[in-house]
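Novice: A predicted structure for the sequence below; I have some questions about it.
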Amino acid sequence: MTTRSGNHTGSGSSRLCYFEWGNPSGQPILLLHATGFHARCWDKVIAYLPQQHRIIAVDHLGHGRSSKPDTLADWSKTAEPLAALVEALDLTNIIGAGHSMGGHCLVQLAAPMGERFERLVLIDPVIMEPSLYGNTAKPGNIDPTEHPVSRRRAHWDSPEQMFERLKDHPSYALWRPDILMDYCVHDLLPRAEGGFELACPPHLEASAYLGSLCADPYPQVARVRTPVTILRAPRGERNAPVDFTRSPTWPGLVEKFADAREIHLPELTHFMPMQEPERIAGFIMGEGVAGSPHRHGAG
């Protein structure tokens, strides 16, 4: 499986790094990752996708090898360069899949660019109850130090050291070990002083978490006419401030789209692509979707 990489610089000098696999002339599959991760977390999912497709995974702004702004609190700003990338690559008939924050950003793309998408797969998207939006702090007032993620370890001697530290963490212990290693290998950038540092600096990751309610997705949800599949993990109380295993997705979200179906996966967690990549690849390709238990059309 050959990997190709590229960069695109849009307005305001925002530079996105992206990776490609498969047939450059094939139908595009666009993959958008979650907060704090990077494009190469999709590697094991991609291994199960048909390689006749043009498969593109993007490092979000502030993540991976993309440029680093001062803050990621405004998720609409995270989505803007993605739209420019889709236009620059002239992608059409796209199968879009977004995990967590990536699902939120995918909705922002599909609302104004629906003619470019065949369908969307929102993998436990961070789209919460509508009443939670509109009464929160503005992006400019967010202080990343208020979130515990801002204090996570940023410097490492090697990917192997990072892997050994994370593999027993309650959240990461759920992942397939090879996917956790992909995360560690591609999430570390060399430091001039020696060793490595996180590709998504902790203060930026923290600002993204704190900004999750700043960009109301529901005006965009109302505009989406592209068929949508929502994969949703169980909801519930988190066991710690940095326990991200529970679903952030509002159960009523499926009712807000014009053409959507939901597949509830109670046996998985918010990290479902890291637990069962083959199954998630199947959902991206539409396997098992037509007979899913909940289909809704809002008109």
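Specialist: All right, it came through fine.

Novice: Mind exporting the C-alpha coordinates of stretch 100-111 to CSV?
Specialist: Only the C-alpha atoms of stretch 100-111 are listed here, as CSV (Å, rounded to 0.1, in the frame of the first residue of the first chain):
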residue,chain,number,x,y,z
SER,A,100,-15.3,13.1,16.5
MET,A,101,-14.2,16.7,15.6
GLY,A,102,-13.7,15.5,12.1
GLY,A,103,-17.4,14.7,11.8
HIS,A,104,-18.3,18.2,13.0
CYS,A,105,-15.9,19.6,10.3
LEU,A,106,-17.3,17.3,7.6
VAL,A,107,-20.8,18.7,8.2
GLN,A,108,-19.4,22.2,7.8
LEU,A,109,-17.9,21.1,4.4
ALA,A,110,-21.0,19.3,3.1
ALA,A,111,-23.4,22.2,3.9
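
Novice: buried set for that stretch?
Specialist: Neighbour counts over stretch 100-111 (16 or more other CB atoms under 10 Å) mark 100-111 as buried. Where C-beta positions appear, they are placed from N, C-alpha and C, glycine not excepted.

Novice: repeat for stretch 7-23
Specialist: So stretch 7-23, judged by 16+ other CB under 10 Å, has buried residues 8, 10, 14-22.

Novice: which residues in the stretch 1-150 of the chain form strands?
Specialist: Here the stretch 1-150 of the chain has its strands, by DSSP state E, counting those that start in this stretch, at 4-9, 15-22, 28-32, 54-58, 94-99, 117-123.

Novice: can you redo the ones you listed as a markdown table with distance to residue 176 and mean pLDDT?
Specialist: As requested, these are exported to a markdown table (distance: least, CB to CB, whole Å; pLDDT from 0 to 100):
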| stretch | distance to residue 176 | mean pLDDT |
| --- | --- | --- |
| strand 4-9 | 24 | 83 |
| strand 15-22 | 19 | 97 |
| strand 28-32 | 17 | 98 |
| strand 54-58 | 17 | 98 |
| strand 94-99 | 15 | 98 |
| strand 117-123 | 16 | 98 |
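
Novice: Show the low-confidence segments of this structure, by residue range.
Specialist: 11-12, 136-137, 237-243, 289-299 (pLDDT under 70).

Novice: So which residue of it lies furthest out from the middle?
Specialist: Within the chain, the residue lying farthest from the chain centre (CA atoms, centre = their mean) is residue 193, at 31.0 Å.

Novice: Look at that one and give its secondary structure.
Specialist: coil (DSSP: H, G, I helix; E, B strand; the rest coil).

Novice: tell me the contacts of it?
Specialist: Contacts for residue 193 (CB atoms under 8 Å, 6 or more residues apart in numbering) come out as none.

Novice: And it, how far from residue 157?
Specialist: Distance, residue 193 to residue 157, by CB to CB, to the nearest Å: 12 Å.

Novice: Please apply the same query to residue 138.
Specialist: 39 Å.

Novice: what sits against residue 147?
Specialist: Taking CB under 8 Å, 6+ apart, we find residue 147 in contact with 206-207, 209-210.

Novice: ok, and the closest non-adjacent residue to it?
Specialist: Spatial nearest neighbour of residue 147, excluding adjacent residues (CB to CB, 6 or more residues apart in numbering): residue 206 at 3.9 Å.

Novice: and if you look at residue 51?
Specialist: residue 22 is the one closest to residue 51 (CB to CB, 6+ apart), at 4.4 Å.
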